[in-house]
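[1] For reference, the sequence and a predicted model appear below.
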Amino acid sequence: MKIIHSADWHFNEKNHDEIAKCLDFMVNHSETVEPDLFLISGDITDSKNLSLDSRSARTIFKLINMMLDIAPVAIVIGTPSHDGNAALALNECRGNYPILVSDMPEQFGYYLHAKEWKKVGGEIAPEFIITQIPQPTKQYFINHGAIEDTDKAISDAMGILMVSFGNLPRGLEHLPHIVNGHGQIGGAFISETQQLIGRDIEVLKDQLKSMNADLICYGHIHKAQVMGNNIFYSGSPTRMNFGETEEKGFYVHELNNAMNAPIDQYEWSCESEFIKTPARDMISIKSDYTCNEEVMTIQEYVDSMEKMPKNLYACGCHVKFEIKVWQDEVDNLSQSKIETLFKNAGAERVKVLIIRVPRESVRAARVLESEVLADKIEAMAELRGESISISILEKAGKIENGDSEPWKLIG
């Protein structure tokens, strides 16, 4: 059984073309994979207020319809501020296979002969079982369980709920069991070195494992990662900001059972492959002219950038260029010229940030940082625009070194 797992599309009008490009790549790739299921783990839109007649909404419906012509689709609602209830409109998508969109925790079976999602039960066993775990919200758990309004209480309630989902009806334990969820898993990384801790209602890996699932697919964290032997974040299909430097894409999971094992003793193993999308590069460059002013003027500094090779940057990349300059030099710096230089080198979009540094502030800081009296006097003179003779500096050094009659040095 093959599953394509994606999440965190965050469709919006500003980045429509970039997101659509990466998801078109995924759908085209799926025709080669021939999946048995598409999992979309929440945050399809960037705002719950996205208009249904917008270009992004039309593209989402088109993509889902294309997927439904290939395999069944299961979607969970993500962060309320992103998906909202508007994502439930995706239930109206149509194709050769059915769609399942969940805004509350629930468990379904997929019945191949009827091409239907149905609650588990009856004489006919489904092809596989899917447990849908949307973004946990206080409203859902308070309304359905009258529990205390705290993140920990909700996390504990999630644990109880997951245990119940792990107790499959007798005779169905051998079926593939897949979890599709959205939210924060304890220990997840949002970058190569930074873990996301204590910002949302959090579920633990042990709670997830209590569902006895063969594959657990999650969304919410934009960095693709493996959280355990069978727990995955797919990450977002493209880079959303300059902090996202990791590879972007989606997962292809394949569940296989032990050969020659009796049907009631099937043990499903999971093999997973991360497929990279043609996501744009987001490049951050920092430059400090205040450290180069003795080498060249500000104009020479900008002119030197004209030697930037053509096609230096991948087509479609975004560049954020941050330059630190003296405040009195800002008028000599052409922001539009810098933008043009980067675009000529291949960048699609350029953001120039100019950090203005008052010379007086830096020089005053030097006075405070100086440890030697002579250095303090020299820094103070520079701040006031005065000159200091070598003899004065020598006398300051002798005074600091403990000359027995320092008054003789003054005159």
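    The structure has been received and is ready for your questions. Numbering: from 1, shown residues only.
[2] so who does residue 43 touch?
    7, 8, 9, 10, 78, 79, 82, 83, 182, 219, 220 (Cβ atoms under 8 Å, 6 or more residues apart in numbering). Heads up, the C-betas are built off the backbone N, CA and C, glycines and all.
[3] so the last one touches residue 235, yeah?
    Which is residue 220. No. Residue 220 lies out of contact with residue 235 (Cβ atoms under 8 Å); the separation is 10.0 Å.
[4] hey, what's in contact with both of the two?
    Any residue near both residue 220 and residue 235 by Cβ under 8 Å, 6+ apart counts here, and that gives 7, 8.
[5] Of all the residues in stretch 122-131, which ones are buried?
    For stretch 122-131, a neighbour-count test (16 or more other Cβ atoms under 10 Å) marks 125, 126, 128, 129, 130, 131 as buried.
[6] Excluding covalently adjacent residues, which one is nearest to the fifth one?
    Of all residues not flanking residue 130 in the chain, residue 178 sits nearest, at 4.9 Å (Cβ to Cβ, 6 or more residues apart in numbering).
[7] what's the answer for the third one, then?
    What sits nearest to residue 128 in space, not counting adjacent residues and going by Cβ to Cβ, 6+ apart, is residue 176, at 4.1 Å.
[8] The first one too?
    Once its chain neighbours are removed from consideration, residue 125 has its nearest residue in residue 172; the separation is 6.2 Å (Cβ to Cβ, 6+ apart).
[9] Show me how this structure divides into domains.
    2-276, 282-357, 372-409 (automatic domain parsing).
[10] in stretch 280-290, what's buried?
    So, applying 16+ other Cβ under 10 Å, buried residues of stretch 280-290: 280, 281, 282, 283, 287, 289.
[11] For the residues you listed, give me a markdown table that also has pLDDT, distance to residue 350 and secondary structure.
    Output for the buried residues of stretch 280-290, formatted as a markdown table (pLDDT from 0 to 100; distance: Cβ to Cβ, whole Å; DSSP: H, G, I helix; E, B strand; the rest coil):
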| residue | pLDDT | distance to residue 350 | secondary structure |
| --- | --- | --- | --- |
| 280 | 92 | 13 | coil |
| 281 | 91 | 13 | coil |
| 282 | 91 | 12 | strand |
| 283 | 89 | 10 | strand |
| 287 | 86 | 14 | strand |
| 289 | 81 | 18 | helix |
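[12] Nearest to residue 299 among those?
    Each of the buried residues of stretch 280-290 was scored against residue 299 by Cβ to Cβ, and residue 289 proved nearest at 10.9 Å.
[13] Many thanks, have a good one.
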